[in-house]
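A.B. asks: Predicted model follows, preceded by the sequence.
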Number of protein chains: 2
Amino acid sequence: MARTRRRNRQTVTIDDVARQAGVSAMTVSRVMNAESGVRDATRQTVLKAVSALNYQPNRSARRLAKGADVHIGLIYANPSDSYLGRFLRGALEAAQASDNHLIVDICEDNTPATHVASAMRLAKAGIAGVILPPPTSSAPEILSIFEELHIPVATVANGNMDQKHNDINIEDETASKEMTQYLIELGHRRIGFIKGSPDQMSSTMRERGYRQAMAEAQIEIDPNWVADGHYTYRSGVTAAELLLTSTPRPSAIFASNDDMAAATIGVAHRHGLSVPEELTVVGFDNSPSAISVWPELTTIDQPVSAMAKSAFNLVLSKVGLGDEADKELRFEHTHECRLIERGSSAPANP
Amino acid sequence: MARTRRRNRQTVTIDDVARQAGVSAMTVSRVMNAESGVRDATRQTVLKAVSALNYQPNRSARRLAKGADVHIGLIYANPSDSYLGRFLRGALEAAQASDNHLIVDICEDNTPATHVASAMRLAKAGIAGVILPPPTSSAPEILSIFEELHIPVATVANGNMDQKHNDINIEDETASKEMTQYLIELGHRRIGFIKGSPDQMSSTMRERGYRQAMAEAQIEIDPNWVADGHYTYRSGVTAAELLLTSTPRPSAIFASNDDMAAATIGVAHRHGLSVPEELTVVGFDNSPSAISVWPELTTIDQPVSAMAKSAFNLVLSKVGLGDEADKELRFEHTHECRLIERGSSAPANP
DNA sequence: ATTCTTTTCGTTACCGCTAACATAACTCTC
DNA sequence: GAGAGTTATGTTAGCGGTAACGAAAAGAAT
């Protein structure tokens, strides 16, 4: 008698499926990987066997055989709750899909010291690349450490003008234009705009989108309708105060992010203006604060998961560079956003 | 010439180390897994080779050979930011250590519908067990789905009286007692207490710890010193109002969580009382709100990472039950907490 | 019908590591 | 110092998949 079989953890293996379908394991493998060169009839037979046995490929075996099993790091530091969740989901999915691993490291506080600690921890764990969501995507210490170590990095929304080549971002300009057009379609003409931080690239882009939409609709922008801001609630208060005391008063205000939009709603209420009946207010980002105000904000939602996925595939393509051409490592440098209509916007009063 | 070698991703393998150290691969494996039965001299040689080559074992190969590679799910739904981070870190570490995988699923909103969706998603992904941090640990839909599917579950702080056997929790009572003793040592005698939600087990425990410490110090508790609360900021305001208008006024207030402690500080300020000079306020949980008030709260910190680790090992032990005795799957059902001293507490004025 | 392609499928070897077994080395009796 | 009992190390055979190659079957061309 043969020696006792070592283990029997795996309930159903590729061989079981092959036997059941009357083909070789290799054919099953091809079907599972959606490779070409399998006759359709055969594919059907295999798929039937797969679902009959409820076969689930063993990822470790697959990784091992493929020689994949690259570890990609991810340093996260206090973005918003929902953002992290969505980001993580996208990154994990991309990791699973490519048979690779994601190692998450957390910076308790967003300080240089912890940045360095996180980066070193990951480096020691033997990662092949890193993806950095905001705000770590803009941390100079992290960036420089990985540059020294020649570990590829993909950043998300790092907001920096240079090194766009390895950053994943959104179509700020397009989305901003779309939002402005939405307001115009609602009948608004006097549309105010609150800018973001001047040092962030997104601010420039969002303002550009606004101006472009206005220009295309042939609406001249009164200089009083545009106020400075810094993406903070506080700065939103100041800006809104300015806009709402100008004459003629805007009938709609487009703030460059949700925090400032929330501030605008607050100021409007203090001025006795009801939103959206007397004033339409819209934001950008779909952050948690967008639904913690009343009325809830019409805003722009970012495809966070998709961006994370792109970032993952971007580093992956850099890691496996010398080896072979990117197979299915599709990624977009810029992503499209989606307008979410909520209660803070309404047609203009004639 | 031999056929071309297939891949060469792995830079340094166990065989390289074995060759360098002049031993067999098996010996290296034993050293890497800290097994007994290797002479100390040999171990040293191997370790030297390991660090010389900077050898990093291939996890996939290890998983595959060991027959580990169990997938454990984790459903998360909007706990606090830092909590999630710490929890995730612990769970991931435990997964790595045991050569298993963690699959994270996110409930966007904490509703029954999304609970069901998450649970089904994980079930379909072929997980062998689940760990549930709060608040999903108390979601009845999730619990019942996995019970039907006979998938083991480990909850963390589910706050439910029954089914303690698969819940990981903290030493509420001990920690609460410790905090009270700390206040007594500071010279406080009139110590007020704000209770938590009556339906949560933790509330009972925390109150019990408070009463026990007082009893041991032979301080009789004036009924006016104990106010009801519900773990919310709002309820904290009401409770604090009550406590601060009673005579004699407490010199210290111990709130059952940080939100209520923060509320207490607010009320104190409104009453013209300076914290901590005229009133000491302490909380429980070390939540983000603990450091977003001024002065920052002295509070109790939970070992979130350790609890996650325990939860992971707990499910693991349930999963691998029939096979073999738990090797190193150590876990604690209850964890000790740590008192964090910040600015909101000071010695009592004579 | 025969030969040449192309497509479809099977065979073999191996990914990197470890369980189980085999063997060698070393200790300890008496 | 031979035999028995331990302890330390090596050997072999997989774990469950897939890359590379080859062979058979199906089409296309002569």
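C.D. replies: On my side now, so go ahead.
A.B. asks: count of neighbours near the residue in the stretch 151-300 of chain A positioned nearest to chain B?
C.D. replies: The minimum distance from the stretch 151-300 of chain A to chain B, using CB to the nearest CB, falls at A:Pro288 (9.4 Å). C-beta here means a position set from N, CA and C on the backbone, and glycine is covered the same way. Other residues lying near A:Pro288 total 13 when counted by other CB atoms under 10 Å in any protein chain shown.
A.B. asks: same deal with the one 4 residues further on?
C.D. replies: Under the neighbour criterion other CB under 10 Å, A:Ser292 is assigned a count of 11.
A.B. asks: Now do the contacts for it.
C.D. replies: Contacts for A:Ser292 (CB atoms under 8 Å, 6 or more residues apart in numbering or on different chains) come out as A:Ala262.
A.B. asks: go with 10 Å
C.D. replies: A:258, A:262 (CB atoms under 10 Å, 6 or more residues apart in numbering or on different chains).
A.B. asks: Local confidence estimate at A:Gln325?
C.D. replies: In this structure residue A:325 is Ala, not Gln. Listed pLDDT for A:Ala325 reads 41.
A.B. asks: can you give me the strands for the stretch 251-350 of chain A?
C.D. replies: Assigned strands in the stretch 251-350 of chain A, in chain order: A:252-255, A:280-282, A:299-301, A:334-335, A:338-340 (criterion: DSSP state E, counting those that start in this stretch).
A.B. asks: Turn the ones you listed into a markdown table, including distance to B:Asn224.
C.D. replies: Output for these, formatted as a markdown table (distance: least, CB to CB, whole Å):
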| stretch | distance to B:Asn224 |
| --- | --- |
| strand A:252-255 | 48 |
| strand A:280-282 | 47 |
| strand A:299-301 | 48 |
| strand A:334-335 | 59 |
| strand A:338-340 | 50 |
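A.B. asks: Most tightly packed of the ones you listed?
C.D. replies: strand A:252-255 (a mean of 31; mean count of other CB atoms under 10 Å in any protein chain shown).
A.B. asks: what pLDDT, on average, does that one get?
C.D. replies: When pLDDT is averaged over strand A:252-255, the result is 98.
A.B. asks: in stretch A:314-321, what's buried?
C.D. replies: The neighbour-count check on stretch A:314-321 (16 or more other CB atoms under 10 Å in any protein chain shown) flags A:314-320 as buried.
A.B. asks: quick one, which of the strands of the stretch 251-350 of chain A is nearest to A:Pro140?
C.D. replies: Distance to A:Pro140, taken as CB to CB, is lowest for strand A:334-335 among the strands of the stretch 251-350 of chain A, at 23.3 Å.
A.B. asks: Pull up the pairing partners for that closest one, direction included.
C.D. replies: strand A:167-170 (parallel) (DSSP bridges).
A.B. asks: Can you dump the C-alpha atoms of the partner strand in CSV for me?
C.D. replies: Taking Å, rounded to 0.1, in the frame of the first residue of the first chain, the C-alpha atoms of strand A:167-170 are listed here in CSV:
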residue,chain,number,x,y,z
ASP,A,167,-0.2,59.2,-10.3
ILE,A,168,-3.8,58.0,-10.6
ASN,A,169,-6.3,60.9,-10.6
ILE,A,170,-9.8,61.9,-11.5
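A.B. asks: What is the following helix or strand past that strand packed up against?
C.D. replies: Sequence order places helix A:172-185 as the next helix or strand after strand A:167-170, per DSSP states H and E. Contacts defined by 3 or more CB pairs under 10 Å, 6 or more residues apart in numbering or on different chains; DSSP states H and E place helix A:172-185 against strand A:191-194, helix A:201-216, strand A:252-255, strand A:280-282, strand A:299-301, strand A:334-335, strand A:338-340.
A.B. asks: okay, the angle between helix A:172-185 and helix A:201-216?
C.D. replies: 40 degrees (axes from the mean of the first three to the mean of the last three CA atoms, to 10 degrees).
A.B. asks: For helix A:172-185, buried residues please.
C.D. replies: For helix A:172-185, the neighbour count (16+ other CB under 10 Å) marks A:172-173, A:175-184 as buried.
A.B. asks: nearest to A:Ser144, of those residues?
C.D. replies: So of the buried residues of helix A:172-185, ranked by how close each gets to A:Ser144 (CB to CB), first place is A:Asp172, at 26.3 Å.
A.B. asks: Quick check, A:Val46 in contact with A:Ala21.
C.D. replies: Yes: using CB atoms under 10 Å, A:Val46 is in contact with A:Ala21, at 4.8 Å.
A.B. asks: from the buried residues of stretch A:314-321, which ones fall inside helices?
C.D. replies: A:314-319 (DSSP state H).
A.B. asks: For the residue of the stretch 151-300 of chain A found nearest DNA strand D, which non-adjacent residue is closest in space?
C.D. replies: The nearest approach of the stretch 151-300 of chain A to DNA strand D comes at A:Pro152, 22.2 Å away (CB to the nearest atom of the strand). Excluding its sequence neighbours, the residue lying closest to A:Pro152 (CB to CB, 6 or more residues apart in numbering or on different chains) is A:Lys318, at 3.8 Å.
A.B. asks: Touching, the one you found and A:Phe146? I think so.
C.D. replies: No: using CB under 10 Å, A:Lys318 is not in contact with A:Phe146, being 11.4 Å away.
A.B. asks: Show the contacting residues for A:Pro133.
C.D. replies: A:74-77, A:79, A:83-84, A:86-88, A:90-91, A:154-158, A:168, A:304, A:307-308, A:311.
A.B. asks: In ChimeraX, how would I select the buried members of these?
C.D. replies: Applying 16+ other CB under 10 Å to the contacts of A:Pro133, the buried members can be selected in ChimeraX as follows:
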select /A:74,75,76,77,79,83,84,86,87,88,90,91,154,155,156,157,158,168,304,307,308,311
